[in-house]
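1. Quick one: sequence and predicted model below, then my questions.
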Amino acid sequence: MASQLVTVHENLECLLKEKSEALPKDFNQTRFLQNCMTVLMDTKNIEKMDAKSIARTMLKGAFLGLDFFTKECYAIAYGNQLNFQTDYKGEIKLAKKYSINPIKDVYAKLVKEDDVFLEKIQNGQQSVDFQPNSFSDKKIIGAFAVVLYNDGSMIYDTMTHKEIEGIRSKFSKASNSKAWVDTWGEMAKKTVLRRLLKLVQLDFDRSEQDTAFEESSAFDFSKKPIEINPEENINLVSEINKPEEPEEPEAGEVLFK
């Protein structure tokens, strides 16, 4: 393992030097490398992974200024190759940092059977009222996400349990992964959040950041067209007239965690 880590460190260091102009202005290379190596030291079967694949995956985290050590992003294993994926925390961090319209807050919540969730538009102003029943063990019936802007405006999105499961089964790259099986609620929040963030205009500094962000999705929407029941209310309310398709959650085995 030691020789593998040395090779990865050298490859990553070279890539960071070659791509220095594409890195965020506030990027701390020393800390990023230290955190990457710390995570890799505790990673099982790292010696079986392709060293260049590891370095390139970590580089995507560097482009976006996300940290594997603090779980803002992950490297997902497919055979002996790795793929980059952002985490819920990383999605929020990027939205707040790169949104053209400055964001005050971003969050996603689960809705259970005994919770109260109300949404309305009054005098052209949209709002949501959520009253959760604390410490409830009732069934999860859906999830919603909200983006609050500094100017007082907001956008939000909602998804039913059935819709989340539909996205999972039809488009997830690993619908039976440990993340979906053991932490369904967290994956549900990531799903609705990523769809909502598709409506947020992000202005990255470099094209490499755009590419890394687009490749970070755990969904593959090219697999087959999504089937929507016309009688089912998807209920997307936003200030954007043409919402895009959703995109997100987990894929494969989380190698760096």
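-> The structure has been received and is ready for your questions.
2. How many residues are close by the residue nearest to residue 103 when sequence neighbours are not counted?
-> Leaving aside its chain neighbours, residue 103 sits nearest to residue 96 (5.0 Å; criterion: Cβ to Cβ, 6 or more residues apart in numbering). Using the backbone N, CA and C atoms, a C-beta is placed for each residue, glycine as well. Using other Cβ atoms under 10 Å, residue 96 has 15 other residues around it.
3. In terms of secondary structure, what does the longest helix belonging to the chain contact?
-> Looking across the chain with DSSP state H, the single longest helix is helix 2-18. If you count contacts as 3 or more Cβ pairs under 8 Å, 6 or more residues apart in numbering; DSSP states H and E, helix 2-18 packs onto helix 29-41, helix 51-64.
4. rerun that using 6 Å as the cut-off
-> If contacts are counted by 3 or more Cβ pairs under 6 Å, 6 or more residues apart in numbering; DSSP states H and E, helix 2-18 sits against helix 51-64.
5. Report the mean confidence score over the helix it packs on.
-> In this model, helix 51-64 has a mean pLDDT of 91.
6. what angle sits between the helix or strand immediately after that helix in the chain and helix 51-64?
-> Using DSSP states H and E, the helix or strand that follows helix 51-64 towards the C-terminus is strand 73-78. Put simply, strand 73-78 runs at 150 degrees to helix 51-64, going by axes from the mean of the first three to the mean of the last three Cα atoms, to 10 degrees.
7. For strand 73-78, name the packing helices and strands.
-> On a contact count with 3+ Cβ pairs under 6 Å, 6+ apart, strand 73-78 meets strand 81-86.
8. Could you list the paired strands of the strand it packs on along with their orientation?
-> strand 73-78 (antiparallel) (DSSP bridges).
9. How far does the partner strand sit from its chain's centre?
-> 12 Å (Cα atoms, centre = their mean, to the nearest Å).
10. quick check: mean pLDDT across it?
-> Across strand 73-78, the average pLDDT comes to 78.
11. With stretch 173-191 instead?
-> Mean predicted confidence for stretch 173-191 is 86.
12. That stretch: which residues count as buried?
-> Burial within stretch 173-191, assessed by neighbour count using 16 or more other Cβ atoms under 10 Å, is assigned to 173-175, 177, 179-180, 184, 186-191.
13. Equivalent analysis for stretch 8-15, please.
-> Buried residues in stretch 8-15 (16+ other Cβ under 10 Å): 8-9, 11-12, 15.
14. for stretch 72-88, same thing?
-> 72-77, 81-88.
15. Let me have the residues you listed in JSON lines, extended by distance to residue 65.
-> Below are those laid out as JSON lines (distance: Cβ to Cβ, whole Å):
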{"residue": "72", "distance to residue 65": "9"}
{"residue": "73", "distance to residue 65": "10"}
{"residue": "74", "distance to residue 65": "15"}
{"residue": "75", "distance to residue 65": "16"}
{"residue": "76", "distance to residue 65": "19"}
{"residue": "77", "distance to residue 65": "23"}
{"residue": "81", "distance to residue 65": "24"}
{"residue": "82", "distance to residue 65": "19"}
{"residue": "83", "distance to residue 65": "19"}
{"residue": "84", "distance to residue 65": "13"}
{"residue": "85", "distance to residue 65": "16"}
{"residue": "86", "distance to residue 65": "11"}
{"residue": "87", "distance to residue 65": "13"}
{"residue": "88", "distance to residue 65": "16"}
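16. Of those, which pair is most distant in space?
-> 81 and 88 (24.0 Å; Cβ to Cβ).
17. Mind putting the buried residues of stretch 8-15 into CSV with pLDDT?
-> Shown next, in CSV, are those (pLDDT from 0 to 100):
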residue, pLDDT
8, 88
9, 90
11, 91
12, 93
15, 94
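18. so which of these comes closest to residue 21?
-> The nearest member of those to residue 21, counting by Cβ to Cβ, is residue 15 at 12.6 Å.
19. Can you give the domain ranges for the chain?
-> 2-86, 88-247 (automatic domain parsing).
20. which one of those is the most hemmed in?
-> domain 2-86 (a mean of 18; mean count of other Cβ atoms under 10 Å).
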